[in-house]
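Participant: what follows is a predicted structure for the sequence shown.
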Amino acid sequence: MIRVLIADDHRIVREGLKQILAETSDITAVGEASNAGEVLTQVLKNDYDVVLLDISMPGRSGLEVLRELKSAKAGLKVLMLSMHPEEHYAVRALKAGASGYLTKDRAPEELIEAIRRVSLGGKYISATLAEKLAFYLEEDSEKPPHERLSDREYEVMRMLVSGKTVKEIAQELSLSVKTVSTHRTRLLRKMSMKTNAQLTSYAIQNKLVE
């Protein structure tokens with residue numbers, strides 16, 4: 001039996017996932033968490049075969065939580081669930097140690113297949129993402145500017161281009177305004193830009209906004 005921990009801040013999502021898993025004979029949800037602290041506590045206390053981890057946990061990003069989980073238990077299989085398109089976070093999640101990346105609009109059958117595959121030590125990405133990665137490797141092109149950003153800088157960039165102020169971002173990420181301003185300065189420098197308007201234009205051209 002594959003033992004799964006469901007980590008998502010939305011109760012209705014957790015309940016839906018539990019119902020999907022309950023319809024299988026070899027996968028069972030044995031725990032759930034609604035924030036980063038609960039995920040880390042439960043993983044340290046209990047053994048799970050797979051963690052279903054929402055990438056947009058409140059307070060701390062799912063990528064940060066992922067790195068802490070892998071630091072605490074390197075062999076833990078983590079399947080990232082996201083409302084964001086694969087091209088926004090999938091590669092970053094895989095580099096951070098995720099066993100797979102699945103968007104929440106996928107069919108339940110695909111989720112089940114992904115859990116079974118990662119529980120056996122495999123990786124799971126959709127056919128669409130696999131094709132994009134293949135093209136990327138074939139082209140052997142230079143990294144686009146946004147790929148040079150750290151995960152936190154990338155997160156701040158996406159919030160800036162969505163129209164949020166530095167103060168709003170600081171509140172949402174539980175950071176100081178000074179820290180967010182520093183991230184903004186660094187990401188602008190890495191991308192050779194000077195204004196939020198330039199960032200927004202770049203994000204639209206590269207389909208980084210939803």
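Facilitator: Cool, got the structure.
Participant: when you work out contacts or count neighbours from here on, use the C-alpha atoms and nothing else.
Facilitator: OK.
Participant: per-residue pLDDT, the residue lying closest to R116 once chain neighbours are set aside?
Facilitator: For R116, ignoring the flanking residues on the chain, the nearest one in space by C-alpha to C-alpha, 6 or more residues apart in numbering is I2 at 7.8 Å. On the pLDDT scale, I2 is placed at 96.
Participant: is it true that I2 touches I27?
Facilitator: Yes. Counting by C-alpha atoms under 8 Å, I27 is a contact partner of I2 at 4.6 Å.
Participant: between those two, who's got more neighbours?
Facilitator: I27 (20 against 16; other C-alpha atoms under 10 Å).
Participant: any idea how far that one is from E38?
Facilitator: I27 sits 21 Å away from E38, going by C-alpha to C-alpha, to the nearest Å.
Participant: equivalent analysis for D151, please.
Facilitator: Distance from D151 to E38, by C-alpha to C-alpha: 22 Å.
Participant: who has more neighbours, these two?
Facilitator: D151 (18 against 13).
Participant: what residues are up against the more buried one?
Facilitator: Counting by C-alpha atoms under 8 Å, 6 or more residues apart in numbering, D151 touches L63, R92.
Participant: which of the three states applies to A29?
Facilitator: Three-state call for A29 (DSSP: H, G, I helix; E, B strand; the rest coil): strand.
Participant: would you agree it is in contact with M1?
Facilitator: No. Using C-alpha under 8 Å, A29 is not in contact with M1; the gap is 10.2 Å.
Participant: how about the helices in the chain?
Facilitator: 11-22, 36-45, 62-72, 86-95, 108-119, 127-139, 151-161, 166-173, 177-190, 196-205 (DSSP state H).
Participant: average pLDDT across the first one?
Facilitator: By that I understand helix 11-22. When pLDDT is averaged over helix 11-22, the result is 95.
Participant: before we move on, what about the fourth one?
Facilitator: Along helix 86-95, the predicted local confidence has a mean pLDDT of 81.
Participant: quick check: angle from it to helix 151-161?
Facilitator: Interaxial angle of helix 86-95 relative to helix 151-161 (axes from the mean of the first three to the mean of the last three C-alpha atoms, to 10 degrees): 160 degrees.
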